[in-house]
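In: dropping the sequence and predicted coords here.
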Amino acid sequence: MQPKVIIHGGAGSSLQGKGGLEAVRTSLHKIVQAVYEVLTQGGSATDAVILGCQLLEDEPRFNAGTGSVLQSDGQIRMSASLMDGTKQRFSGAINVSRIKNPIELAKFLQNESDRVLSDYGAAELVRELQFPVHNPLTDLRLNEWLQDRKDNVKRDMANVVAEEEAGRGTIGVVALDQNGQIAAGTSTGGKGFERIGRVSDSAMPAGNYATTKAGVSCTGIGEDIIEECLAAKIVIRVTDGLSLAQAMERSIQESVQNKRDLGAISIDATGAIAWGKSCEVLLAAYHNGTAINDTLECNPTDLVGNG
Ligand code: GLY
């Protein structure tokens with residue numbers, strides 16, 4: 001089977017905060033190429049997704065791993081999940097700190113009986129696995145937070161609302177391998193400025209889901225994605241007989257009607273690639289077996305597209 005891959009580095013209203021069009025394009029295309037090579041060399045969809053998530057987490061312009069946004073108390077807490085579509089197995093870590101690649105925790109948890117761990121338990125596992133301590137903070141993120149604090153000294157920390165751009169940042173990868181197997185992975189620093197203990201969609205099946213039929217990774221405001229149950233909904237629509245393009249379009253139309261702020265990338269078992277968004281920009285790139293392409297210059301009003 002011809003392998004396929006699609007990745008994203010979040011969504012929003014402009015590319016400016018991420019370094020501009022060319023910088024984002026270079027970064028996404030390089031990562032798509034690296035992930036695609038794993039697939040052409042016979043690597044599994046799961047291996048490809050893990051590598052793609054690691055590379056995106058290591059790219060400071062995206063809100064996951066290094067470059068994650070800070071929460072209301074100035075701390076970084078990251079969440080990530082991995083779903084192996086063949087085993088229909090979901091694993092994830094919620095609000096974990098001081099590691100380089102949260103997706104590594106999701107990878108480890110794939111083979112455990114307890115497969116989704118949150119803050120205290122995730123920290124214990126990090127220690128148990130002896131992952132090196134890593135501070136994912138970048139100067140840019142610290143300055144964003146300091147600026148916000150300076151401008152909002154009177155705001156109550158627990159009631160701080162999410163910043164518009166930071167809130168949509170996430171990374172994700174969906175891959176189809178030579179054996180026709182699908183996997184999806186998603187990782188995030190969260191909305192930014194959120195209340196301590198807030199849980200992202202990125203480590204829930206609402207934000208990251210895969211079966212033998214299709215895989216989806218979402219980005220956008222986590223609460224919106226959870227309330228649409230977007231990733232699982234798209235996959236189930238494919239299972240029930242819609243084409244991937246139809247499933248994406250119907251689900252995004254509903255999101256627009258419900259005034260949601262989100263985006264999604266997907267691949268199905270036939271090799272179809274589809275993406276959708278209710279916001280202006282989706283930072284996605286894909287390899288369709290022939291060439292690399294991206295969504296960076298698509299019309300802000302376009303809701304869906306195919307790869
Ligand atoms: N979609 C990322 C978040 O809201 O946490």
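Out: Nice, I can see it.
In: mind listing the strands for the stretch 101-250 of the chain?
Out: Ranges of strands in the stretch 101-250 of the chain, per DSSP state E, counting those that start in this stretch, are 116-117, 171-176, 182-188, 208-210, 214-220.
In: neighbours of residue 14, how many?
Out: Using other CB atoms under 10 Å, residue 14 is surrounded by 12 other residues. For glycine as for every other residue, the C-beta is placed from the backbone atoms N, C-alpha and C.
In: hang on, it is in a strand, isn't it?
Out: No: looking at residue 14 with DSSP: H, G, I helix; E, B strand; the rest coil, it is coil, so not inside a strand.
In: as a check, name the ranges of all helices in the stretch 101-250 of the chain.
Out: 102-109, 119-128, 139-151, 222-228, 230-239, 244-257 (DSSP state H, counting those that start in this stretch).
In: which helices and strands does the first one pack with?
Out: The contact analysis (3 or more CB pairs under 8 Å, 6 or more residues apart in numbering; DSSP states H and E) places helix 102-109 against helix 45-58, strand 78-84, strand 89-96, strand 116-117, helix 119-128, strand 182-188.
In: circling back: and the strands of the stretch 101-250 of the chain as TSV, adding mean neighbour count?
Out: TSV is the format used below for the strands of the stretch 101-250 of the chain (neighbours: other CB atoms under 10 Å):
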stretch	mean neighbour count
strand 116-117	22
strand 171-176	33
strand 182-188	33
strand 208-210	33
strand 214-220	33
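In: what does the stretch 201-307 of the chain put close to the ligand?
Out: Contact residues (CB under 6 Å from any ligand atom) of the stretch 201-307 of the chain with the ligand: 201-202, 219-222.
In: flag whichever of the helices of the stretch 101-250 of the chain has the least confidence on average.
Out: When those are compared on average pLDDT, helix 139-151 comes out lowest at a mean of 86.
In: can you give the distance of it from its chain's centre?
Out: Centre-to-centre, helix 139-151 and its host chain are 24 Å apart (CA atoms, centre = their mean, to the nearest Å).
In: just stretch 93-102 next, same as before
Out: Using CA atoms, centre = their mean, the offset of stretch 93-102 from its chain centre is 14 Å.
In: what's in contact with that stretch?
Out: Residues outside stretch 93-102 that contact it (CB atoms under 8 Å, 6 or more residues apart in numbering) are 53-54, 57-58, 64-66, 75-81, 105-106, 109, 116-119, 122-123, 125-126, 131-136, 187, 190, 197, 199-200, 203.
In: now these: which count as buried?
Out: Among those, those buried by neighbour count (16 or more other CB atoms under 10 Å) are 53-54, 57-58, 64-66, 76-81, 105-106, 109, 116-119, 122-123, 125-126, 131, 136, 187, 190, 199-200, 203.
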